[in-house]
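**Student:** Have a look; sequence and predicted model below, questions after that.
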Amino acid sequence: MEHIDQLQLANDAVQGEAQARRYVSDLADTIINYQNNKYCKRFCFDNKYYSQCTLPKPWGNASEQAPLCEWGNASYLWMLEDLAGPKRLQTFQGKQGASLKDYFFCIANSLPFYERWKDWRFGRKVHVPTYIQAMDDKAASVFYGLRSGEAIALIAQKISYPEQQTAELAQRIIAELTKRHRLHLLDPPVTVSLSGMSTPANEDDHTSAQADVAWHDISAEDLERNQILFAGWEQLDAVEQFVIEAMVLDQQDASDVLATLQKLGLSLKEGVAPEKTDRQQLYYFRRKTIAKLAKYCQDLTDE
């Protein structure tokens, strides 16, 4: 399908042409599934014990009676919008013959993408469960208002909705979350004191001790070392970053990495098809990339 005009395909998808949208989504699917599987499991915490995982390769020990975890599907949709949404496709230029799949791969393996995902996953814009969104077209806005601790009258004013209907919708949301044991989703973000100096005088010592957290700052030397490592990391291309992250940081088996490279159509060496790459070549590529990164960092240290 390489003969397809990539710029035209992106433009058709932006315009909402159904076939183009499906094709673009299919291009991003393998990349999204890989990153979603990695990110979700990295930040799963205790969800795997209380909810059934919905990833293509599920994990965890939740019982069959446990509710389905919504993070996997929500994360997939977020990544799809970030990679292949209209705003993103409008920035695609196809420079130097880059395809849309190349474009998606570079973005998905970049640090900014990872940081945006974490902002979404842990930031104020918490995921609104689909069963809440299905209640009413204003349900998500009411959900956010409740999570912020706003009065019903203020929420109604913000969304231009009758106060009585807003109150009824809020009650339905709370009842549904309670029934599903997900009422904690309405807990507001908490800012804790790092010094204890801002604790009100009428709070007891026990509350103050719970509010404070330890501060583990890093030394100036470690900070400088991290900055050098990040600068060296930026010198690697997307395939090199992918292999190091998969094999060194995530400790994935070589067979899984090779399978992913084949699915994504990525070659470790120009002119060598991904399916022709074996474990020995992959290990050699990893060693060579680590040595390359080390040299970059050493050169930066010597400057």
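**Tutor:** Cool, got the structure.

**Student:** Tell me where the stretch 201-303 of the chain has helices.
**Tutor:** Per DSSP state H, counting those that start in this stretch, the stretch 201-303 of the chain carries helices over the ranges 205-211, 220-233, 238-244, 254-264, 279-302.

**Student:** Can you tell me which residue is spatially central in the protein?
**Tutor:** Using CA atoms, centre = their mean, the residue of the chain that lies closest to the mean C-alpha position is residue 117, 3.2 Å off.

**Student:** Which residue ranges make up each domain of this structure?
**Tutor:** Domain assignment for the chain by automatic domain parsing gives 6-122, 130-189, 220-302.

**Student:** returning to what we had before: regarding the residue nearest to the centre of the chain, what is its secondary structure?
**Tutor:** helix (DSSP: H, G, I helix; E, B strand; the rest coil).

**Student:** residues making contact with stretch 140-148?
**Tutor:** Residues outside stretch 140-148 that contact it (CB atoms under 8 Å, 6 or more residues apart in numbering): 125-126, 128, 132-133, 136, 154-155, 158-159, 166, 169-170, 173-174, 185-188. Quick note: C-beta positions are derived from backbone N, CA and C, even for glycine.

**Student:** count of neighbours near residue 10?
**Tutor:** Residue 10 sits with 23 neighbouring residues when counted by other CB atoms under 10 Å.

**Student:** With residue 23 instead?
**Tutor:** 16.

**Student:** Now do stretch 31-48: everything it contacts.
**Tutor:** 53, 55-57, 59-62, 69, 71-72, 75-76, 79-80, 83, 101, 104-105, 108-109, 114, 117-118, 121-122, 250, 260, 263-264.

**Student:** are any of these buried, and which?
**Tutor:** Using 16 or more other CB atoms under 10 Å as the burial test, those include 53, 55, 60, 62, 69, 71-72, 75-76, 79-80, 83, 101, 104-105, 108-109, 117, 121, 260, 264 as buried.

**Student:** Present the domains of the chain as a markdown table; the columns should include mean pLDDT.
**Tutor:** Below are these laid out as a markdown table (pLDDT from 0 to 100):
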| stretch | mean pLDDT |
| --- | --- |
| domain 6-122 | 89 |
| domain 130-189 | 85 |
| domain 220-302 | 83 |
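
**Student:** Give me the contact list for stretch 252-268.
**Tutor:** The contact list for stretch 252-268 (CB under 8 Å, 6+ apart) reads 30-31, 34, 101, 105, 239, 242-243, 246-247, 273-275, 277-279, 281-283, 285.

**Student:** In ChimeraX, how would I select just the buried ones from those?
**Tutor:** Only the buried entries of these go into this ChimeraX selection, using 16+ other CB under 10 Å:
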select :30,31,34,101,105,239,242,243,246,247,274,277,282,285
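
**Student:** I'd say residue 177 and residue 170 touch.
**Tutor:** No. Using CB atoms under 8 Å, residue 177 is not in contact with residue 170, being 10.8 Å away.

**Student:** hang on, the earlier thing: what about the residue nearest to the centre of the chain, distance to residue 81?
**Tutor:** Remark: distance between residue 117 and residue 81 (CB to CB, to the nearest Å) = 11 Å.

**Student:** got any residues that touch both of these two?
**Tutor:** By CB under 8 Å, 6+ apart, no residue touches both residue 117 and residue 81.

**Student:** Checking the closest residue to residue 76 other than its chain neighbours next. Helix, strand or coil?
**Tutor:** Leaving aside its sequence neighbours, residue 76 sits nearest to residue 36 (CB to CB, 6 or more residues apart in numbering; 5.2 Å). On the three-state scheme (three-state DSSP), residue 36 is labelled helix.

**Student:** How many neighbouring residues does residue 36 have?
**Tutor:** The number of residues packed near residue 36 is 24, by other CB under 10 Å.

**Student:** For it, give its distance to residue 88.
**Tutor:** Here the distance between residue 36 and residue 88 works out to 17 Å (CB to CB).
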